[in-house]
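> Everything below, folded, please.
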Amino acid sequence: MATLEIRDLRVSVGDGSDGAKEILRGVDLTVRSGETHAIMGPNGSGKSTLAYAIAGHPKYEITAGTVTLDGEDVLAMSVDERARAGLFLAMQYPVEVPGVSVSNFLRSAVTAVRGEAPKLRVFTKEMKAAMDALSIDPDFAQRSLNEGFSGGEKKRHEILQLEMLKPKIAVLDETDSGLDVDALKVVSEGINRFGAAGDTGVLLITHYTRILRYVRPEFVHVFAGGRIVEEGGPELAEVLENEGYEKYVKAGASS
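This is a model prediction of the structure:
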């Protein structure tokens, strides 16, 4: 069983003028295999900062706290070491990489994570099955990574990576943004297939409850003012849908 454990995490970001600004102000969170957690909150609450801090983005400075995966110190790992250890980040804004095909990128990523190159025939079969499950056109494999992709294509590719790399813990940063209803259903089915294995955990970051109609979390956490201000089960998402974030934003600001 995999366990991602975050304790009293504090993160600052330099803004280039007034020095570093504290964004995360003491986050405590545990995600285990077989669990799906949703982090919800308004813009600027620190949700994406948490995702990038876990992944090791150099822009984000860890000033206090710990992050461990199965007892190992994640903060002491390089970005690639975190990926090999079993962490995965689906980015809100995937980067375009002209000249690198989706197929070559995925095979290189799989090789790096697994420690050896898969046989081409096996890899091609595995990739085709994953693409079919996500209703992705086979020609997609030969296109340059994210170049000219629609929002839906970018997000499907993130979930394609998820299915191919099979991490222990997946952090999905606003994977529902920019998706129409049909694409949202396909992406949600991919997330559910990943979680159904039982030996993986999901941390799903979102503004809205619409993806939670298709991906049902066991735990919902409300983020405001750089920390978790409320926790509950899936019913908490329904409260947020009806009442919004205003009272939680006030709670975050007053603490």
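> Where does the prediction get shaky in the stretch 1-150 of the chain?
15-18 (pLDDT under 70).
> Do a quick rundown of the strands in it.
Secondary structure of the stretch 1-150 of the chain (DSSP state E, counting those that start in this stretch): strands located at 3-14, 20-32, 36-40, 60-69, 72-73, 87-90, 97-101, 144-145.
> can you give me the helices in the stretch 51-200 of the chain?
79-85, 102-114, 120-133, 151-165, 181-196 (DSSP state H, counting those that start in this stretch).
> Show me which of the ones you listed has the highest average neighbour count.
The highest mean neighbour count among those, using mean count of other Cβ atoms under 10 Å, belongs to helix 151-165: a mean of 21. For every residue, glycine as well, the C-beta is placed using N, CA and C.
> by how many degrees do that helix and helix 181-196 diverge?
Between helix 151-165 and helix 181-196, the angle comes out at 20 degrees (axes from the mean of the first three to the mean of the last three Cα atoms, to 10 degrees).
> Surely H37 and P217 touch.
Yes - here H37 reaches P217: they are 5.9 Å apart, a contact under Cβ atoms under 8 Å.
> who touches both of the two?
V202, L204 (Cβ atoms under 8 Å, 6 or more residues apart in numbering).
> count of neighbours near the closest residue to G148 other than its chain neighbours?
Distance criterion Cβ to Cβ, 6 or more residues apart in numbering; nearest residue to G148, sequence neighbours excluded, is E96 at 7.9 Å. Residues near E96, counting by other Cβ atoms under 10 Å, number 12.
> if we can go back for a sec, need the helices of the stretch 51-200 of the chain in CSV (columns: distance to G19).
What follows is these, written out as CSV (distance: least, Cβ to Cβ, whole Å):
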stretch, distance to G19
helix 79-85, 25
helix 102-114, 36
helix 120-133, 45
helix 151-165, 33
helix 181-196, 38
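> nearest to Q92, of the ones you listed?
Among the helices of the stretch 51-200 of the chain, the nearest to Q92 by Cβ to Cβ is helix 151-165 (9.5 Å).
> Does anything pack onto the closest one? Which helices or strands?
Under the contact definition 3 or more Cβ pairs under 8 Å, 6 or more residues apart in numbering; DSSP states H and E, helix 151-165 sits against strand 87-90, helix 102-114, helix 120-133, strand 169-173, helix 181-196.
> cutoff 7 Å now
strand 87-90, helix 102-114, helix 120-133, helix 181-196 (3 or more Cβ pairs under 7 Å, 6 or more residues apart in numbering; DSSP states H and E).
> can you redo these as CSV with distance to L172?
Formatted as CSV, the helices and strands packed on helix 151-165 follow (distance: least, Cβ to Cβ, whole Å):
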stretch, distance to L172
strand 87-90, 4
helix 102-114, 17
helix 120-133, 16
helix 181-196, 7
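> Those: which one's closest to D173?
Here strand 87-90 is closest among those (Cβ to Cβ), at 6.2 Å.
> So which residues make contact with the closest one?
51, 54-55, 69, 158, 162, 165, 167, 169-173, 175 (Cβ atoms under 7 Å, 6 or more residues apart in numbering).
> any chance of those in TSV, plus distance to A109?
Compiled in TSV, the contacts of strand 87-90 are given as follows (distance: Cβ to Cβ, whole Å):
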residue	distance to A109
A51	18
I54	18
A55	14
L69	19
E158	12
L162	11
L165	6
P167	11
I169	16
A170	14
V171	16
L172	17
D173	18
T175	18
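> so which one among those residues has the lowest pLDDT?
The lowest pLDDT within these belongs to T175, which sits at 90.
> So that residue is in contact with H157, correct?
No - applying Cβ atoms under 7 Å as the test, T175 and H157 come out as separate, 11.0 Å apart.
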